[in-house]
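Participant: Here you go, sequence then predicted model.
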Amino acid sequence: MSSVKETVGGDLSKDAPPMLELDEIQAVILRQRPAPYFGTHVLLRVDDARAGREFLRRISPHVDSAAGWWKPADAWLSVGISHAGLEAIGLPKESLQSFPETFRVGMAARARELRDDGVNAPKNWEKPFGTAEVHIGVSAFSDSADKWRRAMSIARAAYEGFSGVKVLRTQDFGAQPGDRNSLGYKDGIDQPAVEGSGFALPPAWGRPIKAGEFILGYPGEAGVPLPMPQPDVLGRNGTFVGFRKYQSRVGAFNRFLHANGGTEAERELVAAKLVGRWRSGAPLTLAPEVDDPKLGADPQRNNAFDYSKDSRGRQAPLGCHIRRMNPRDTPLNHLTDVNIHRVIRRGSTYGPPYDPNDLSEKADEVSRGAIFLFISAKAMATMEFLQQEWIDEGDFIGANGEKDPIIGRQEEGATFTIPKDPVRRRIRGIETFNVLRGGEYFFMPSMSALKWLGNLGG
Amino acid sequence: MATPTSAMSRPQAERVMEQKLRKVQEIFADGPEIGRLALEKGTAAFKQELAAAMGQTGATQQTTAGRIGARQGSVSELTIIVPLVAGGAKRTRALLELLEGNFQGADAVGTVHDMRFVFLDNDTKLLFATAYDGEWDAYIDDFATKIPNTMDIVFCNAVGWPGIRSPAIKDWIVKHQIPAAAWYVANPNLTVSKARRLERVGTAVEELLDKIG
């Protein structure tokens, strides 16, 4: 894997040593997803508290820290624990109750706040999602198949053949040919820059955001640390993760492109207008009329833009996916501090590759899509805000009555508007292209916290 | 919350309505005479209105604004009553007089339909009520980072105001908030930004018609 500097650019911080205790923070929180990428998500249930703690003791030495996250690395493991999982390993009641209520009740119970209704409702989720059985999530990321397999055999040694901890699901994932997701797009480009991480991303990535928005124990944007679970050793340097599994309805997506574009060029433009980037990754703001695959593939340039010359959305539609997920300097209708609503996204594509020529309904049913880790010190509140304000609605940005075209759950007769001169183009019949198949909220403890949890009860 | 009658079959809804009306008549029986008589005379009209409402599909119902407060469509309500510190009403009145009803800050927030500041109990309490778009939780953190001084200037005279930046702010608001028992909104899907856009579009259409006509 190349270093961050070689790929994205930027430099070691000119300031004193990083403000963050990098060797306490789990690597996945700061280390970018490599290209190509390979990995696995494993979901586990703890049936016996002692066994659960023994599992944590076995796996903790292999969980990577974020020390030197900007340098090339082999493979890295991460561990997250749900509220049900913390309870199952015997975390004392006082400590359990110091977690936010939204985390304690689990993602399925927050369906109203997350707008997970209709086809996305928890009653439709794949098991074990939506039950109280999802206790621990282990994820492995790597830039090579070999290193990934080695990391997985280490992980498996910690949980296989070990009664008291049961594997519920494993899901392998990997970059499709050309690092494309299951709708054919290069993804995962835009990420928030975290202040004090020891490595300064290029200025085009935006003003670094106060670390406390993403990692517990440090000041956030309001100048104070966000509420932290107790005791201190448990909460500090930890964070929260929203885990969401989507299935991509490839047939419906292709049918939609074909219904709204007579030639391949027209279809690719529609595809670009939905997201705000061509499928190559080139942003419409820098390549408004014609795709520029070289730009799309260049991490030093493909995120270096703002919307100062496009406040009306003639280049990147106001309601397009990337503009909703990060409005940057778009003038918004609601007074908003964009910097407190960002999440670190670790997306992972699973299943067979995207096929642009498959318009069948069968293509909608293939197990193929994206699993996301949404990471933030207030992940539950942020995800619920994003779903309510930026995904399920368009009021904030001038896309009234419309939802996010890629991950919104669309109603019958939904529209997508492409601002244009002289008259906007309004496309009817946009469908739900990514269906939510399940999810859960996890706490991602620091290295010390993992050790502390493993040694609970003496 | 009980199943709303809009979700029932018509005969079922009519039965439930009859039951509810009878219950209201019972409760009004030992209330003020004027009300009891008005109910007797008005029951027929009531029934007609309710019957008409039952025939309508898509009747909105009262939902929740999230953590606390009522909501109709996109529009939520927040009503708080707080005691004021000594001299608090005087200071708050002076501030409101300075603004002369011109709340540009609220314009910038973009989700506020209306606000009222009402002094109660001989200037010892403040009733603050607002209708706003969306969820209760959504933008409070944004106020803390974008307009902290405005918020603190306006509300500092409330007893125990912890400051908009305090982690205790949300609990403080909940402590003083009284959710509306009933909430009516004439245009529940008309958010502030949609209304402003429709105004612009409406004006443009009128201008176009003027040119053509």
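Facilitator: Okay, I see it.
Participant: the helices in chain B, which residues?
Facilitator: B:10-29, B:33-55, B:88-99, B:104-109, B:140-146, B:148-155, B:169-176, B:192-212 (DSSP state H).
Participant: Format those helices as JSON lines; extra columns: mean pLDDT.
Facilitator: JSON lines is the format used below for the helices of chain B (pLDDT from 0 to 100):
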{"stretch": "helix B:10-29", "mean pLDDT": "87"}
{"stretch": "helix B:33-55", "mean pLDDT": "84"}
{"stretch": "helix B:88-99", "mean pLDDT": "94"}
{"stretch": "helix B:104-109", "mean pLDDT": "90"}
{"stretch": "helix B:140-146", "mean pLDDT": "93"}
{"stretch": "helix B:148-155", "mean pLDDT": "94"}
{"stretch": "helix B:169-176", "mean pLDDT": "97"}
{"stretch": "helix B:192-212", "mean pLDDT": "95"}
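Participant: Out of those helices, which one sits most buried?
Facilitator: For the helices of chain B, the largest average neighbour count (mean count of other C-beta atoms under 10 Å in any protein chain shown) is found in helix B:140-146, namely a mean of 19. (Each C-beta comes from the backbone N, C-alpha and C, glycine too.)
Participant: So what touches that helix?
Facilitator: A:221-222, A:335-337, A:339-340, A:381, B:109, B:151, B:164-165, B:169-170, B:173 (C-beta atoms under 8 Å, 6 or more residues apart in numbering or on different chains).
Participant: Okay, domains of chain A per the record?
Facilitator: A:4-239, A:247-439 (automatic domain parsing).
Participant: got the end-to-end distance for the first one?
Facilitator: Translated: domain A:4-239. In domain A:4-239, first residue to last residue: 23 Å (C-alpha to C-alpha, to the nearest Å).
Participant: Give the bridge partners for the residue positioned nearest the centre of chain B, please.
Facilitator: Geometric centre of chain B, nearest residue: B:Glu77, 3.1 Å, by C-alpha atoms, centre = their mean. Residues in a beta bridge with B:Glu77, per DSSP bridges, are B:Ala131.
Participant: Report the contact partners of it.
Facilitator: B:65, B:69-71, B:129-132, B:180, B:183.
Participant: now those residues in TSV, with distance to A:Thr285?
Facilitator: Shown next, in TSV, are these (distance: C-beta to C-beta, whole Å):
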residue	distance to A:Thr285
B:Ala65	36
B:Gly69	39
B:Ala70	41
B:Arg71	36
B:Ala129	42
B:Thr130	37
B:Ala131	36
B:Tyr132	32
B:Ala180	44
B:Trp183	42
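Participant: Which of those residues fall in strands?
Facilitator: Residues of those located in strands (DSSP state E): B:70-71, B:129-132.
Participant: For A:Val138, state which of the residues you listed is nearest.
Facilitator: B:Arg71 (39.9 Å; C-beta to C-beta).
Participant: I figured that closest one hits B:Gln62, correct?
Facilitator: Yes. Contact status for B:Arg71 versus B:Gln62: in contact at 7.1 Å, counting by C-beta atoms under 8 Å.
Participant: Settle it for me: which of these two has more neighbours?
Facilitator: Between B:Arg71 and B:Gln62, B:Arg71 has the larger neighbour count (other C-beta atoms under 10 Å in any protein chain shown), namely 25 against 17.
Participant: give the contact list for the residue lying closest to the more buried one once chain neighbours are set aside.
Facilitator: Nearest residue to B:Arg71, sequence neighbours excluded (C-beta to C-beta, 6 or more residues apart in numbering or on different chains): B:Ala65, at 4.3 Å. Going by C-beta under 8 Å, 6+ apart, B:Ala65 touches B:71, B:76-78, B:134-136.
Participant: run the last query once more with 10 Å
Facilitator: For B:Ala65, the contacting residues are B:71-72, B:75-78, B:132, B:134-138, B:179-180, B:183, by C-beta atoms under 10 Å, 6 or more residues apart in numbering or on different chains.
Participant: Quick one, which of those residues has the minimum pLDDT?
Facilitator: Within the set of these, pLDDT is lowest for B:Asp137 (91).
Participant: do you know how far it is from chain A?
Facilitator: As judged by C-beta to the nearest C-beta, to the nearest Å, B:Asp137 and chain A stand 7 Å apart.
Participant: Could I get the contacting residues of that residue?
Facilitator: A:102, A:113, A:381, A:384-385, A:388, B:65-68, B:170.
Participant: Rebuild the residues you listed as TSV, extending it with distance to A:Val250.
Facilitator: Listed next are the contacts of B:Asp137 as TSV, based on distance: C-beta to C-beta, whole Å:
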residue	distance to A:Val250
A:Thr102	33
A:Glu113	29
A:Ala381	33
A:Glu384	28
A:Phe385	29
A:Gln388	28
B:Ala65	38
B:Gly66	35
B:Arg67	39
B:Ile68	42
B:Lys170	42
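Participant: and of the residues you listed, the nearest to A:Arg169?
Facilitator: A:Thr102 (23.6 Å).
Participant: Now do the phi/psi pair for the nearest residue to the closest one once chain neighbours are set aside.
Facilitator: Distances taken as C-beta to C-beta, 6+ apart place A:Met380 nearest to A:Thr102, at 3.8 Å, with adjacent residues excluded. The phi/psi pair for A:Met380 (degrees, to the nearest 10) reads phi -60, psi -50.
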